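Visitor: my questions are about this predicted structure, shown below with the sequence.
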Amino acid sequence: MKINFKKTYKFAIKSALFISLFAAGFVVLMVVLFFGSKVTNLLLFGIVCLLIIYLFSFIVLQYRVERFIYRRVKKIYDDVSLLESSTFINQPITTDMETLTREVKKFATDKKLEIEMLQMREEYRREFLGNVSHELKTPLFTVQGYISTLLDGAMDDKNIRKKYLKRAEKGVERLIYIVEDLDMITKLESGDLNLEFSEFDIVELIQNVFDLLEMKADKKKIALAFENYHIQPILVHGDKDKIQQVVENLIVNSIKYGREGGFTEVAVVNLTKKKVLVRITDNGEGIEKNNITRLFERFYRVDKSGSRTEGGSGLGLAIVKHIIEAHKEKIYVESEFGIGSEFSFTIEKAGLKKPELNPKEIYSKSLKINRLKK
């Protein structure tokens with residue numbers, strides 16, 4: 001490591017000067033008192049003594065102080081290096097206390113933030129594992145309970161057998177649903193799930209989702225509609241199936257937590273020349289502010305009672321977020337508890353990017369142009 005001495009010379013110069021003045025003055029005084037001499041000779045003798053003593057004092061003080069401080073500072077660096085801070089290890093050792101204090105404070109602050117982040121991740125990991133365990137245990141125990149009942153003798157009754165097998169089947173379907181959603185999120189996060197981009201009409205896609213969820217909405221008498229009844233087709237660029245899943249998940253959520261006899265409205269707004277904003281609004285339960293920041297976490301539920309009466313895997317909004325981010329777009333949420341919620345996301349308009357021609361296509365086009373000229 002390179003040694004960088006900055007302010008110790010000032011200390012050594014002043015100290016050596018004081019020592020030299022005192023020593024030279026003392027020597028001259030002793031000579032005058034005991035031997036006597038001319039003033040000129042004494043002055044010359046004093047100056048020579050002063051210079052010699054000054055240089056000697058400066059060298060000794062500088063060396064001793066530097067070595068004294070350096071050994072202690074190096075010990076601090078060695079102790080810090082044990083914590084594997086590569087940025088700190090690679091810096092030159094400095095005996096400037098102000099610089100050293102600043103560097104150590106910065107190092108301590110960085111480590112504190114790192115520890116806090118690790119604690120947050122550990123807390124999130126424990127919560128996530130607990131949620132996964134709960135989500136998987138519920139359908140597993142349901143299936144196990146019905147099958148155990150059938151094995152204990154209920155198999156002989158045809159009506160009970162059919163009813164229990166159907167309920168067990170629903171539990172298995174829920175397990176498959178959770179596992180498939182987890183698999184999709186994992187692929188989206190790791191980038192293994194390739195998006196198939198194409199141009200499609202977002203208005204038509206939303207209408208298809210309305211038709212698909214019409215019966216589900218009718219059970220709670222929730223009206224599904226566009227905010228603008230005379231909405232025109234709007235072409236966008238993205239993965240059609242994945243965007244449909246985003247719209248479906250958001251509308252399903254809106255129906256789940258919507259009011260009996262309420263509404264869910266969808267608006268498609270020209271945000272900029274390049275972007276479209278899809279906005280889904282309802283007059284449902286709404287979300288408390290302290291829950292909004294965590295809405296898109298896996299298995300996070302606003303209702304902490306543990307109730308699963310509304311069904312779902314608890315991964316719907318997490319999937320929505322990952323799909324939108326995979327499109328390099330943004331998703332927003334606004335909600336007021338007791339009034340309703342609004343989810344919106346951006347998507348690129350179609351026709352903005354011209355398709356690139358490969359060399360063969362360019363060559364074939366040039367041949368056609370030449371033939372037309374002839």
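Guide: Thanks, I have it.

Visitor: in stretch 184-196, what's buried?
Guide: Across stretch 184-196, burial judged by 16 or more other CB atoms under 10 Å covers 184-185, 188, 193. From N, CA and C alone the C-beta is placed, and that goes for glycine too.

Visitor: identify, from those, the entry nearest to residue 207.
Guide: Residue 207 has its nearest neighbour among those in residue 184, at 24.5 Å by CB to CB.

Visitor: is it true that that closest one touches residue 316?
Guide: No - taking contacts as CB atoms under 8 Å, residue 184 lies outside contact range of residue 316: 10.9 Å.

Visitor: what about residue 61, how many neighbours?
Guide: Residues within reach of residue 61, counting by other CB atoms under 10 Å, total 18.

Visitor: what of residue 13?
Guide: By the criterion of other CB under 10 Å, residue 13 has 15 neighbours.

Visitor: what secondary structure does it sit in?
Guide: Under DSSP: H, G, I helix; E, B strand; the rest coil, residue 13 falls in the helix class.

Visitor: and stretch 145-153, what's buried?
Guide: By neighbour count on 16+ other CB under 10 Å, the buried set for stretch 145-153 is 146, 150.

Visitor: got the buried residues of stretch 184-196 as CSV, with pLDDT columns?
Guide: What follows is the buried residues of stretch 184-196, written out as CSV (pLDDT from 0 to 100):
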residue, pLDDT
184, 76
185, 74
188, 72
193, 71
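
Visitor: and the gap between residue 299 and residue 207?
Guide: Residue 299 is 31 Å from residue 207, where distance means CB to CB, to the nearest Å.

Visitor: the more surrounded of those two?
Guide: Between residue 299 and residue 207, residue 299 has the larger neighbour count (other CB under 10 Å), namely 19 against 15.

Visitor: that one falls within a helix, correct?
Guide: No - secondary structure assignment (three-state DSSP) places residue 299 in coil, not in a helix.

Visitor: and it, its phi and psi?
Guide: When read as degrees, to the nearest 10, the backbone of residue 299 gives phi 60, psi 10.

Visitor: and whichever strand or helix holds residue 344, what other elements does it pack with?
Guide: Residue 344 is part of strand 340-349 when elements are defined by DSSP states H and E. Strand 340-349 is packed against strand 235-239, helix 240-256, strand 275-282, helix 316-326, strand 331-336, with contacts defined by 3 or more CB pairs under 8 Å, 6 or more residues apart in numbering; DSSP states H and E.

Visitor: ok, now with 6 Å
Guide: strand 235-239, strand 275-282, strand 331-336 (3 or more CB pairs under 6 Å, 6 or more residues apart in numbering; DSSP states H and E).

Visitor: the inter-axis angle of it versus strand 275-282?
Guide: If you take axes from the mean of the first three to the mean of the last three CA atoms, to 10 degrees, strand 340-349 sits at 160 degrees to strand 275-282.

Visitor: partner strands of strand 340-349, with direction?
Guide: Note on strand 340-349: by DSSP bridges, its sheet partners are strand 235-239 (antiparallel), strand 275-282 (antiparallel), strand 331-336 (antiparallel).

Visitor: quick revisit: of the buried residues of stretch 184-196, closest to residue 215?
Guide: residue 184 (24.8 Å).

Visitor: buried stuff in the helix or strand harbouring that closest one?
Guide: Using DSSP H and E, residue 184 maps to helix 158-190. The neighbour-count check on helix 158-190 (16+ other CB under 10 Å) flags 164, 168, 171, 174-175, 178, 181-182, 184-185, 188 as buried.
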